[in-house]
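K.L.:
no FASTA, just this:
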């Protein structure tokens, strides 16, 4: 039992602050730090670092920065871990300027940033799309007396891959291997992704084969990139073939794998093939998404087969899914392309889905509605439902060639 004349010290308060943080209550933890000061107990590095780490873990950049600033203002030296936590939080937010600011503050405090700190700043630059700066940071590591590791190279490779710069990505992979750093699965996937983004599927396939030859583990992402690239290039049979290879390799295909194949067949207007892939996916116990159903609806909508699109809508509901704007656009296009046009069904379906509150009609949806019910009736409906008609462009209301345009999801 504690003596009544014994007052809680910093250690005691730190235990309470840590307990609050572990319980997910940062506000209460901050309150206990405030109480420390009120009773003349001086917070120490552990008091502040606990809150800094909690904010960093939660992605609260402002909070992490605020506690570190307060810590320094009160004359309590911060360690490398505290600075790294803030730099990493800035990096995850893609704020390269703030990440570099704290890296410089760390250096000014006599704490040379380590490789982890530099990698975080490189990541921030790459996330912000500033690949020139990211590459400069990578090149400056040796000047700082540090040796780039697989994370350093992979981060920059991923940035160039996202930008579709195949040449830069390949150059980095070659440089990495020359430096004695063995590329891992993530590196090769970045390379495959870069090739796929430029439409060079053959080169992407070559790099996938390189992974196999060098015994680098291939994962679902490796194959999904090939499946998606083939589908987007209008080669659904190749996309389906990569799916088969993926399964043969002992990897588990997921909803992304099948949806890409379905999208490929749908894009080619082969609704039967898309439906076969969908049934296979369901047979494997894979839960479809709204994107899956939207892809299935595309070729049916083009043909005006509104009954099958309506059936997809019902099936979607059975999975607990709500149609989004893309699917509703397809449904309206199906009514518009039907012979004869289904004006009344289009209006009824639009009203029903809009009334549920999960649809925010954009120019594409309203354009498809206009094609189905006519421009004048579309404007009347918009006025009745309080929708802004400013976004309803004439070219989307059947004033051009009358062909439906379905927006594509990223």
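P.N.:
Nice, I can see it. Please read these numbers as outputs of a predicted model, since none were measured by experiment.

K.L.:
now do the helix or strand harbouring residue 312: which elements does it pack against?
P.N.:
Residue 312 belongs to helix 306-318 when elements are defined using DSSP states H and E. Helix 306-318 sits against helix 290-303, helix 325-337, with contacts defined as 3 or more CB pairs under 8 Å, 6 or more residues apart in numbering; DSSP states H and E. The C-beta positions use only the backbone N, C-alpha and C, and glycine is treated the same way.

K.L.:
off-centre distance for that helix?
P.N.:
28 Å (CA atoms, centre = their mean, to the nearest Å).

K.L.:
now the angle between helix 325-337 and it, please.
P.N.:
On the basis of axes from the mean of the first three to the mean of the last three CA atoms, to 10 degrees, helix 306-318 is oriented at 160 degrees to helix 325-337.

K.L.:
in the stretch 301-410 of the chain, where is pLDDT below threshold?
P.N.:
389-410 (pLDDT under 70).

K.L.:
got a pLDDT number for residue 4?
P.N.:
Looking at residue 4, its pLDDT stands at 53.

K.L.:
sorry, wrong one. I was asking about residue 7.
P.N.:
Per the predicted model, pLDDT is 79 at residue 7.

K.L.:
that one: what secondary structure?
P.N.:
Secondary structure, DSSP: H, G, I helix; E, B strand; the rest coil: residue 7 is coil.

K.L.:
doesn't residue 39 make contact with it?
P.N.:
Yes: here residue 7 reaches residue 39: they are 7.5 Å apart, a contact under CB atoms under 8 Å.

K.L.:
one step back: want to throw the helices and strands packed on helix 306-318 into TSV with mean neighbour count and distance to residue 52?
P.N.:
What follows is the helices and strands packed on helix 306-318, written out as TSV (neighbours: other CB atoms under 10 Å; distance: least, CB to CB, whole Å):
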stretch	mean neighbour count	distance to residue 52
helix 290-303	24	39
helix 325-337	27	41
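
K.L.:
hang on, the earlier thing: for the helix holding residue 312, which positions count as buried?
P.N.:
306, 308, 309, 310, 312, 313, 316 (16 or more other CB atoms under 10 Å).

K.L.:
take the helices and strands packed on helix 306-318 and lay them out in TSV including distance to residue 277.
P.N.:
Formatted as TSV, the helices and strands packed on helix 306-318 follow (distance: least, CB to CB, whole Å):
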stretch	distance to residue 277
helix 290-303	9
helix 325-337	18
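
K.L.:
looking at the ones you listed, which is closest to residue 356?
P.N.:
Among the helices and strands packed on helix 306-318, the nearest to residue 356 by CB to CB is helix 325-337 (10.7 Å).

K.L.:
who are the packing partners of that closest one?
P.N.:
In terms of contacts (3+ CB pairs under 8 Å, 6+ apart), helix 325-337 is packed against helix 290-303, helix 306-318, helix 343-355, helix 363-373.

K.L.:
low-confidence ranges, this protein, go.
P.N.:
1-6, 389-410.

K.L.:
tell me the domain ranges of it?
P.N.:
If you go by automatic domain parsing, the domain ranges for the chain are 148-218, 324-410.

K.L.:
which one of those lies closest to residue 67?
P.N.:
For residue 67, the closest of these is domain 148-218, at 26.4 Å, according to CB to CB.

K.L.:
ends of the closest one, how far apart?
P.N.:
Taking CA to CA, to the nearest Å, domain 148-218 runs 24 Å from one end to the other.

K.L.:
over to stretch 106-124?
P.N.:
17 Å.

K.L.:
show me what counts as buried in it.
P.N.:
Here stretch 106-124 shows 106, 111, 113, 117, 118, 119, 120, 121, 122, 123, 124 as buried, counting by 16+ other CB under 10 Å.

K.L.:
for the fourth one, give me the backbone phi and psi.
P.N.:
Residue 117 has phi and psi values of phi -60, psi -50 when expressed as degrees, to the nearest 10.

K.L.:
residues touching it, list them.
P.N.:
80, 83, 84, 87, 103, 106 (CB atoms under 8 Å, 6 or more residues apart in numbering).

K.L.:
who wins on neighbours among those?
P.N.:
For the contacts of residue 117, the largest number of neighbours (other CB atoms under 10 Å) sits with residue 87, at 29 neighbours.

K.L.:
helix or strand right after the one helix or strand it maps to?
P.N.:
For residue 87, the enclosing helix or strand under DSSP H and E is helix 80-92. Next in sequence after helix 80-92, counting helices and strands by DSSP H and E, comes helix 96-108.
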